[in-house]
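[1] Pasting the sequence and the predicted coordinates here, then a few questions.
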Number of protein chains: 2
Amino acid sequence: MEEKIYSEGIISRLSQYLKFIVHLKETGKRTVTSREISERTGINSAEVRRDLIYFEIKGKRGVGFSIDKLIISFNNILGYDRTVHIALVGIGNLGKAILNYKMLDSFGFKIENVFDNDPAKIGKTISERAIRDMKEIEHIIKEKNIEIAIIAVPPAKAQMVADILVRADIKVIMNYTSVPIKVPKKVKIQTTDPIEKLLHTLYYLSHTGYAEYK
Amino acid sequence: MEEKIYSEGIISRLSQYLKFIVHLKETGKRTVTSREISERTGINSAEVRRDLIYFEIKGKRGVGFSIDKLIISFNNILGYDRTVHIALVGIGNLGKAILNYKMLDSFGFKIENVFDNDPAKIGKTISERAIRDMKEIEHIIKEKNIEIAIIAVPPAKAQMVADILVRADIKVIMNYTSVPIKVPKKVKIQTTDPIEKLLHTLYYLSHTGYAEYK
């Protein structure tokens, strides 16, 4: 069968749907309507329906969609069928908050290797993981074939850490710092940053709606 | 003059451009090319150029765009010309990480009112702010006319906090917890969540590109 490749937009929306319905399943629910998906993800209901129709996902009138079937469909489309190992760099407040994030486990994301350069932290244990010396990171990423790293260090050190990760042949960097980092094209950067969302929000506060130019 | 209203997509992109060039300005740079904007924001260079052309923002061939002029243009388009007061609920690792986020100040976002329900924290000071009792939040939000609140509490308490914020007539909630929360339509929810980005990333790792369906 030919493998289909989808746009960033649809992957982003499917990821949001999947996250919401996995949460719903954990609360004990078994069905969900497209309207509920729209309300909780904030994605326009016409767009939710368009996506479900496009992927030929069928529900029952008046009942909605089976959560189990939706999870299987979305996982198939997105290709999520494996455990993903993630390295975390920086065990400050942000790093600790990320380690506390229980939902990661439900999706197969395992943060088992954590790093810092503070001698007071190296060798200590956090959430059952030994904090390793940054000096070991290149070696460990290569040896364990880790594909994703999260940078949660102070802004001034972000680029330096990124450079080390690039040398270690990391494939994806999640940049949680407030500064943009520069990497070669072969490395994918994902930025998670409150500023962008706040700027967006501010626009919403100053205006009453959104319109044509997209 | 007629006020134009733009789509969520363009507002999101302009917010990313603005954030990057404000950062560049802080590093001392005075000009930027559309290619640099594309490289650092990860937004397709054709799309960056299309946006700049749409808003009639002009650069100089071989030099690029004046950073000061870009900032003025983007601020005008987006309507960012004021200080925005934000309430932060939850002074755990995540709340502390948010308070440490220095870039917020550069954009006029002021987190002056912080709340927790832990008696051991209430009354203490964090980053020069007094931690207030959650019981005061409804009163303070109304009195100070605070429009945005960030929820950074444990997942099990997220909905309860959201309900209190809704009663206080908050306009926007930034949900930093791992669970979706439900609010009336009049309240705008923004979710900042590593799961969605990771799911997105995972798709990228399993596939070589993106394509047509958007």
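    Here it is on my side, so go on.
[2] And the pLDDT for A:Leu24?
    Note for A:Leu24: predicted pLDDT of 90.
[3] Next, the buried residues of the one helix or strand it maps to.
    Per DSSP states H and E, A:Leu24 falls inside helix A:8-26. For helix A:8-26, burial by neighbour count (16 or more other C-beta atoms under 10 Å in any protein chain shown) applies to A:10-25. Yep, even glycine has a C-beta here, placed from its N, CA and C like the rest.
[4] Break down chain A into its helices, ranges please.
    A:8-26, A:34-41, A:45-54, A:67-78, A:93-99, A:103-106, A:137-144, A:155-167, A:194-206 (DSSP state H).
[5] can the third one be found next to chain B?
    Going back to what we said before, that points to helix A:45-54. Yes. Judged by C-beta under 8 Å from any C-beta of the partner chain, helix A:45-54 and chain B are in contact via A:Tyr54.
[6] what residues does that helix touch?
    Residues outside helix A:45-54 that contact it (C-beta atoms under 8 Å, 6 or more residues apart in numbering or on different chains) are A:Ile10, A:Arg13, A:Leu14, A:Tyr17, A:Ser34, A:Arg35, A:Ile37, A:Ser38, A:Thr41, A:Gly59, A:Phe65, B:Tyr213.
[7] rerun that using 10 Å as the cut-off
    With C-beta atoms under 10 Å, 6 or more residues apart in numbering or on different chains as the test, helix A:45-54 has contacts from A:6, A:9-10, A:13-14, A:16-17, A:33-39, A:41, A:43-44, A:57-59, A:65, A:70, A:73, A:77, B:213.
[8] Make a markdown table out of the helices of chain A and add distance to B:Ile91.
    Output for these, formatted as a markdown table (distance: least, C-beta to C-beta, whole Å):
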| stretch | distance to B:Ile91 |
| --- | --- |
| helix A:8-26 | 25 |
| helix A:34-41 | 27 |
| helix A:45-54 | 36 |
| helix A:67-78 | 35 |
| helix A:93-99 | 10 |
| helix A:103-106 | 21 |
| helix A:137-144 | 31 |
| helix A:155-167 | 21 |
| helix A:194-206 | 16 |
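[9] of all the ones you listed, which lies closest to A:Ile131?
    Across the helices of chain A, A:Ile131 has its closest neighbour in helix A:93-99 (9.4 Å, C-beta to C-beta).
[10] tell me the mean pLDDT for that closest one?
    Mean predicted confidence for helix A:93-99 is 90.
[11] Which strands and helices lie in contact with it?
    strand A:84-89, strand A:109-116, strand A:125-126, strand A:148-151, helix B:93-99 (3 or more C-beta pairs under 10 Å, 6 or more residues apart in numbering or on different chains; DSSP states H and E).
[12] Now render those as TSV, adding distance to B:Asp133.
    Below are the helices and strands packed on helix A:93-99 laid out as TSV (distance: least, C-beta to C-beta, whole Å):
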stretch	distance to B:Asp133
strand A:84-89	33
strand A:109-116	34
strand A:125-126	30
strand A:148-151	34
helix B:93-99	15
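[13] For the ones you listed, state which one has the densest average packing.
    strand A:148-151 (a mean of 26; mean count of other C-beta atoms under 10 Å in any protein chain shown).
[14] List the neighbouring strands of it plus their orientation.
    According to DSSP bridges, strand A:148-151 forms sheet pairs with strand A:84-89 (parallel), strand A:172-175 (parallel).
[15] before we move on, back to that, give me the helices and strands touching the helix holding A:Leu24, please.
    strand A:31-32, helix A:34-41, helix A:45-54, helix A:67-78, helix A:103-106, strand B:188-191, helix B:194-206.
[16] Ok, which of the ones you listed comes nearest A:Leu94?
    helix B:194-206 (10.7 Å).
[17] Counting by contacts, list what that closest one packs against.
    Packing partners of helix B:194-206 (3+ C-beta pairs under 10 Å, 6+ apart): helix A:8-26, helix A:67-78, strand A:84-89, helix A:103-106, strand A:109-116, strand A:148-151, strand A:172-175, strand A:188-191.
[18] Any chance of those in TSV with distance to B:Pro155 as columns?
    Shown next, in TSV, are those (distance: least, C-beta to C-beta, whole Å):
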stretch	distance to B:Pro155
helix A:8-26	9
helix A:67-78	19
strand A:84-89	20
helix A:103-106	8
strand A:109-116	16
strand A:148-151	19
strand A:172-175	20
strand A:188-191	22
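[19] Now the weakest link among those, please, by mean pLDDT.
    Taking the mean pLDDT of the helices and strands packed on helix B:194-206, helix A:103-106 comes last: a mean of 76.
[20] Contacts (any at all) between chain B and that helix?
    Yes. Using C-beta under 10 Å from any C-beta of the partner chain, helix A:103-106 reaches chain B at A:Met103, A:Leu104, A:Ser106.
[21] Show me just the buried residues among the residues you listed.
    Buried subset of the residues of helix A:103-106 next to chain B (neighbour count, 16+ other C-beta under 10 Å): A:Met103, A:Leu104.
[22] and which of the residues of helix A:103-106 next to chain B is nearest B:Leu88?
    Top of the list for closeness to B:Leu88, among those and by C-beta to C-beta, is A:Met103 at 21.3 Å.
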